[in-house]
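Colleague: Structure for the following, please:
(chains A and B)
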Number of protein chains: 2
Amino acid sequence: MTLKQVIIEKGLEGLFTQATIGIEKEGQRVLADGRLSQTRHPKAFGDRSFHPYIQTDFAESQLELVSPVFDHSREALRFLGAIHEVTLRQLPEEEYLWPLSMPAILPDEEAIVEAQMGEENTRYREYLTKKYGKYKQMVSGIHYNFGLKKEFLEALATEGQPLAEIQNQVYMTLARQFLRYQWLLIYLFGATPLAPTAYFKEGQELEGPVRSIRASSYGYVNEPHIRVSFDSLKAYVTSLRALVDQGDLIAEKELYESVRFRGSQSVQDLLVKGIQYLEFRIFDLNPFAPYGLTADDARFIHLFLLGLLWLEETEVDIALGRRLKEETALSHPLSSAIALEEAEAFFALLEEMAEQLHLPEADKALIAAKRAQLEKPELTLGGRLWLSYQEKGKDMARLGMELARSYKQAVLEQPFGLQAFATMELSTQAFLADAIQYGFAVDILDERDQFVKLSYKGHTEYVKNGNMTSHDSYISPLIMENKVVTKKVLAEAGFAVPASLQLMDLDEARQVFSQVKGKPIVIKPKSTNYGLGISIFEQGVSEQDDFLKAVELALLEDKEVMVEDFMAGTEYRFFVLGDETRAVLLRVPANVIGDGNSTIAELVAIKNANPLRGDGKSTPLKKIELGELERLQLKAQGLTAESIVPEGEVVYLRANSNISTGGDSIDMTDQVHPSYKEVAVAITQAMQAKVCGVDLIIPDISQPADSCQTSYGIIEANFNPMMMMHIFPAVGQSRRLTTDVLKMLFPEYRWEYGNKC
Amino acid sequence: MTLKQVIIEKGLEGLFTQATIGIEKEGQRVLADGRLSQTRHPKAFGDRSFHPYIQTDFAESQLELVSPVFDHSREALRFLGAIHEVTLRQLPEEEYLWPLSMPAILPDEEAIVEAQMGEENTRYREYLTKKYGKYKQMVSGIHYNFGLKKEFLEALATEGQPLAEIQNQVYMTLARQFLRYQWLLIYLFGATPLAPTAYFKEGQELEGPVRSIRASSYGYVNEPHIRVSFDSLKAYVTSLRALVDQGDLIAEKELYESVRFRGSQSVQDLLVKGIQYLEFRIFDLNPFAPYGLTADDARFIHLFLLGLLWLEETEVDIALGRRLKEETALSHPLSSAIALEEAEAFFALLEEMAEQLHLPEADKALIAAKRAQLEKPELTLGGRLWLSYQEKGKDMARLGMELARSYKQAVLEQPFGLQAFATMELSTQAFLADAIQYGFAVDILDERDQFVKLSYKGHTEYVKNGNMTSHDSYISPLIMENKVVTKKVLAEAGFAVPASLQLMDLDEARQVFSQVKGKPIVIKPKSTNYGLGISIFEQGVSEQDDFLKAVELALLEDKEVMVEDFMAGTEYRFFVLGDETRAVLLRVPANVIGDGNSTIAELVAIKNANPLRGDGKSTPLKKIELGELERLQLKAQGLTAESIVPEGEVVYLRANSNISTGGDSIDMTDQVHPSYKEVAVAITQAMQAKVCGVDLIIPDISQPADSCQTSYGIIEANFNPMMMMHIFPAVGQSRRLTTDVLKMLFPEYRWEYGNKC
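Modeller: Residues are numbered from 1 along each chain as shown, chains lettered A, B, ... in the order given. A predicted model of the protein is given here:
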C-alpha cells in the first residue's frame, strides 16, 4: 500500500496534515550603500555560544536567525518576525539587514571576517575558505525544517514495528521525492538572478540573469564527484561515511545536499534513533518579504512536502530531478517552467490531496495561485525580482537597500513591543523582546493570559504579565491586595501609616462623620488599584452630605471603604525590583500647555500626535480624550475645548493623574532624593515582595526622608506594577524594567553580553 | 483643671472613651464531682514556657487563660471565648472547668501540686505555700487590664511634658480612685459567698454567706502591716522597695493589692518608662457566664474606670475605701449597698459622663441597669448566686458542675470551628483553634478577608484562607489557575496529560467536532474550580448538537473552553502539603441508602440530621437538598422523593460529587496505594507549590501507579484547596490539616508538645 492509501484507510488525514516546522534565515548585515558591515557581531545580541535565535553563519557579518519549532508554519514565521524586530532594533544605526540572498557588493575576500565562534570552528571555516573560497559562503538562504507528527508516524507503524524504522522509511521517501521535484520550488522561489563579477571564477561568469545562482552548480555546492546514495538510510550513511573516510569531505556536515537528515550529531546514530526531521536548504531569500519568506510561501512549502508524500510512484529518478533542478536554476527568470506537463500533474495531485484531506479553502487558493505561476513566470519570485531590478535602473544595491531601509523603518516606528505578538500586552511584548535579544528560550504558554516560560541552560522560570514570577511569595500580592492588611503590616514594620477608619455602609459613615469633620481626608475602596471610587477632601470635609456621597461612590467599587487622613504633597510611583528602586515616576493629569494661539482641542490633537500616545494598550501612553469628564473639568476652570490658552499656561483636563486617562509620565529616578528609594525598598520588603510599585506622597523630593516619616506618606503598594510607563515615559529617561526582571530571574546569565555597545 | 475639664476643653471625648483591654481568667480543672483534677497540665495545651493564652496559675490544676489586648472589651472577651473553646475541647473527657472562684471541694493540702514551671518558680511557690497555705491560692478570679490610648495621654500633656509623667499622673489618680470606690464593684460582682470549711484557719470560720470571701481579708491578702503608699508613684516605689528590702515581701510581686501598675519588670523602672496600664484583680468569676465574665460586665467595668477618672475630687481617702471594701465583701449577698448615697452619687456621675461623652444608648442602659441593683441586691451577682445555691439544695458542687457541664457541652456540640469567630470561614476558624491551642500569637488582620498573622518567638507568618502563605510562590497559583498552562507544565515535567483542544466559540467547536466524535471526552471551562460548566461524555459524544450544547454551557463560565480526552475511573482528591500527601478523599455525589421502609425524602431528612451537615459554611458538609436538579436526577432513575428504596440500595440525588451540593466525603488516605501519593507530591512540585489539592482519576487504587501513567489521569491541581472535608469527613479518619499548615510554617516549634495524650 502507498502512504496515501494507508492514510485514507486508517483515517489519518488530520494527523498527516499536522507537522512541526522551524525556519532558519541567514542574512548579511550591510551599510547604507549595500556594502557588508565590517563590525563584529553586536554584543547586544547576547552570547552566540548558546543563543537559540540570533546566531552567525559563516561570516561575522552574516546573521543566522532561527525560529523555534512550532506546529504551524505561521507560528514559526511569526516568531521569526519577532526575532527580526529585535535584531533590527538592536542593529547599529548605520546598519541594515540585506534582504537578498546574494550580496550586491562583495568586498575583497581578505576583508571578510569569519565568524568568531571558537578555535575549532575557526579551523573548519578556514578549511572551507581554502576549498570553496569565501564568496560562495556569503550567499544567504532559508532553511526549512520539517517534521511529521510523532502520533502520525506511530499510527503508521504495523504491529511491533519500531518507530525508528517508520521514521527512516517515510523521511527517506520524502527526501527522494524532494530531490526529484525540487526544481519546481526553484521555479517558484528562485531569487538569485545575478552576482557581482567577483563572485565568479575568471572565465566562468554567467551571461544573463538566471533563476537561482545559489541553487545551481554556481552556488555553494560540493565538487561534482561527491555523491551519496538515497536508496535507503543505510546506503546514505555508508556512502557518506566513505566520503569522509577517504578525506573527500572533512566532516559529514560538508555535504551540501538540498535536504539533510536531522535528529542526531552523526548520521550513523539515525539508523537506531530514527530520522527526526528533514532540513530543506534550497530556498533563496524573498526580498519582498520582510523576513525573507512570506507566510503564504511557508504554508505552500508545507503543502508541497505533503504532496511529495502523497505521490504514489515508488521508483524515483533522482538523477533526473537533479538535472531539472540545475536547468531550472540556470533558466531565465521570465522563462516558463521547463517540465510543464510534470508540473501540472504535480499541482493536480496537490489539488486532489487538498480535497481528500479537507484542507481549508485558503490552502486550496494558495495551491491555485502557485499553479497559475507555471505559465506566468513574471509572477514567480525570480520573475518579480528581475522586473523590479529593471525598474530600479538595474541597480541591485539600490533595490536591496530601498527594501532594507523600509523593513528597518517599519520596525523602528513601533519601538514599544513586538508586532509579531501584538495580541499580547505591551509589557509582555517588551519582556519577550528582551528575552529573545539576550537569548533566553521563550515558550508562550498562554498567549491570552500573558503566560510565558523562559529557559536558560536548564534553568526554567515562568512569568505572567511581565513581572509575576516565582520570586514573589504567594502571600505578598494577597497582602497588597488588601489595604487594611497592608497598613497593619506596614505599621508592624515601623512605618507611619495614616490613621484610618473602615466603613461598610452609609449608616456607619454617618456615625463617624463627627470624627472626620474638618480634617483633610481621602475616601477609597478597600481593594482597588485603578483609582476608581477615590475622593479626596484636601481642605477637609465640612458637609456630611459630601462625605456620604464620597463613601457611596467608593462603595460602588468595594463592599468596604476606608477613610484616611490625607497628606498634601505630590504622588510618586517607585518601581522596586529585587532590593532596589529601579525607577521613580511622576504622573501628571492629562494636560496641555497653551501657545497663545491654539484652542485646547487643537493642543490636545497636537499632543495626541505623539507616537507614544494611542489606545494605551499598543502604546505606552493614552490619547487625551475630550469627553464629558474633560469638558466638566474645563468648565470648572471657566474654559471650553474652544478656549485659547495663553502661552506657557498649563491646563489640566482631568483631576486624576492616571496614565489610562491621558496622564503624562515623567521619569524622576535621578531627581528624587535617594533616601526615598530606600524607603520604597523597605516597604517592599515589609510586603515580603520582590516586585512592587510603591506610591508615596512626598512634599519635597529634594529633602531627605526623615526618620519620623513626616516627610512622606504611604499611599499604597501594588503588585504586578505597570512597566511601560517607566520604559517609555512621556518625559525623561527610559528605564528598561523588563531587562531588570530578566536579571532578577537569571542572575547566573552572563549579563556583560547584551549591553549595547 | 481637673481631667474632666481638660477633656472637654481639648475636645478629647472620643479619645478618652477608647482604651486597650486585656482579660486574664483563672479557673480550676475539676472532675465530674467537682473535685480538683490531679492530672498534669495537659500536653495538648502546648508549652507553658511561652504560651500566650493558656497558662497555669499557682497549682497544676489551675488554668490561667489570657486574652490578648484589644481596643474594646467585647473583642477581648470574644478572644477569651475562643481560648475557652479550645481549652474545653482539649480537656480530657472526664475534666471540666470549674466556673466559680471558690472550689466546692478542697483536697488535702499536700495533694495540691504546684504548677511545674521550672526551678525558680517552684521555689517561689513553695515560699508562698509556707507563708499563706495552699488553699488561698486555689481561689480563682478575673484580672482586668486597662490602658488609656497613647494618643489621649499625649493630647493631655502640656508643652514639653514627658509622656511618662502624664502616664504616671493619670494612672496614679485612677489607682487611688479605684481603691476608694472598689467596694461598689464588689457589691455588684462579688461571687464567693462560701468556702469549704478546710479553707478557714481553725476557729476563724465565717458564719454566714458573704459577697466575696476572695476580696475580703479572708482572701489571698498580705499580712495587715503590709501597706504601700499611693500618694505618688515615687512614694509607691519607695514604700514597696522598702518592704522587699526589709524581707517583709520576697519580691515586688508578693504585694497583693487589688490594683497593680504594669509596664515593666520592676516598679522602679516605671518612674522613667511610665505606667503603661493598670491591672485590676478583684473580680470573682461569674459562674453564670461561660467565660467567667459577661460582655456587659466587661463593658461596665470600662465605664466604671472612666467614671473614676471623671471624678473631680482630688483628695482621696484610700483608707475609707479599704474599709468600705472589707465591709462590702463581708456583707450578706442579699443586703443593700452599704454606702448607698455615695453609690448613687457615683452612678449619677456615670450618667452625666455618658451624656457628655455621647456614649451609645447601650452604655447608658448598662449604667442604668447596674444602678438599679443598688437597692435590689438580689440582682447583683452575689445575690443571684446565693439564690441559685438555695435552689440547688445548698450544694455548691452540684450548682457548679451543672454549669460546668453545660458550658463544656455547648462547646463540644460545635466541634468544627470557633463560635467566637463564627463570622469567619470554617477552615480559618479551625486554623485559629489550632494556633491558639499550640500557643502561636494570633492577630486577625482582616476578619472578612480571612487574613491572620501568627507569631512565635520573633518569627511571623501571614495566612489567608487557612493555607495561602509565604511558602507558596506567587507563580504557583497562577499556573494552577490556568488549565492550559497547568497541562503544559505537567507535560514538561514528564506527566502524561490528556490530549486537549481549546475553543473560544461555537464556530471553533463545529470545526473540531469531527476530531472528537465518538471519543470519551470532558468539556470544561479553562479557569474554574467549582465544577461549574463541566460536561462529561463517558461513552463518547456522537451528536454534534450535544457537543455544541456542552461547549455553550462551559462558555458561560469562561471565555475559553477545553475539550479533553476522558479517562474512566474514580476521582480522588489528594491534599499535598510540604512534600507529603496528608490526606486522600473520595467525594461521592449526594446520596441516600434505602432501608426498605422510608421514602427518599425521609432518608434525606435522616441523613441531614447529622451535625456534620448544615449550610456547608458553618458545617463541614452540606445538607442534601430536594430541589429541581435532585428531582430531575431521581426522575431519570424512575424515582420521586416519595419513592421507597429497597434496603441497602444507594440512590444518587446528584450527578456531580461536589461537597457543596450535598456530596459525601470519605477519607481514603490509608486505602490508596502509596505510589499515588508520590504522584500527587510530584505534581505539586511541578506546580512549584507547597500546598496543593491534586485531583486524580484512578481506576484501581489498590494497584500501584505505573510509570507510563496509564493507571491514573490528572484532572487538575488546585491552589488553596479545601481542608474541612478532610478534617471532618463523612466517613473515615479525620486529618487535621490545619495543624499540618502550622507545622509547615513553624518547623522550629517544639511539636512534641500539643500531642493530645
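Colleague: so who does the residue lying closest to A:Gln28 once chain neighbours are set aside touch?
Modeller: Nearest residue to A:Gln28 in three dimensions, chain neighbours excluded: A:Trp98, at 4.2 Å (Cβ to Cβ, 6 or more residues apart in numbering or on different chains). C-beta coordinates here come from the backbone N, C-alpha and C atoms, glycine included. Applying Cβ atoms under 8 Å, 6 or more residues apart in numbering or on different chains to A:Trp98 gives the contacts A:27-30, A:34, A:36, A:104, A:140, A:400, A:404.
Colleague: May I see those residues organised as a markdown table, with neighbour count and secondary structure added?
Modeller: Formatted as a markdown table, the contacts of A:Trp98 follow (neighbours: other Cβ atoms under 10 Å in any protein chain shown; DSSP: H, G, I helix; E, B strand; the rest coil):
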| residue | neighbour count | secondary structure |
| --- | --- | --- |
| A:Gly27 | 26 | strand |
| A:Gln28 | 29 | strand |
| A:Arg29 | 23 | strand |
| A:Val30 | 24 | strand |
| A:Gly34 | 21 | coil |
| A:Leu36 | 23 | strand |
| A:Ala104 | 22 | coil |
| A:Ser140 | 27 | coil |
| A:Gly400 | 25 | helix |
| A:Ala404 | 24 | helix |
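Colleague: how near is the residue nearest to A:Gln116 when sequence neighbours are not counted to A:Tyr132?
Modeller: Distances taken as Cβ to Cβ, 6+ apart place A:Glu60 nearest to A:Gln116, at 6.2 Å, with adjacent residues excluded. In this view, A:Glu60 and A:Tyr132 are 18 Å apart by Cβ to Cβ, to the nearest Å.
Colleague: more crowded one of these two?
Modeller: Neighbours per residue (other Cβ atoms under 10 Å in any protein chain shown) separate A:Glu60 from A:Tyr132, with A:Glu60 holding more: 20 against 17.
Colleague: so the residue nearest to A:Gln116 sits right up against A:Val113, yeah?
Modeller: Yes: taking contacts as Cβ atoms under 8 Å, A:Glu60 lies within contact range of A:Val113: 4.2 Å.
Colleague: list residues touching both of those two?
Modeller: In contact with both A:Glu60 and A:Val113: A:Arg40, using Cβ under 8 Å, 6+ apart.
Colleague: Pull up the residues of the stretch 401-550 of chain A that are close to chain B.
Modeller: Residues of the stretch 401-550 of chain A lying close to chain B (Cβ under 8 Å from any Cβ of the partner chain) are A:443, A:445-446, A:448-449, A:451, A:453, A:460, A:462-464, A:468-479, A:482, A:484-485, A:488-489, A:492, A:514-515.
Colleague: In ChimeraX, select just the buried ones from the residues you listed.
Modeller: Those of those that count as buried under 16 or more other Cβ atoms under 10 Å in any protein chain shown are selected in ChimeraX with:
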select /A:445,446,449,451,453,460,462,463,464,468,469,470,471,472,473,474,475,476,477,478,479,482,484,485,488,489
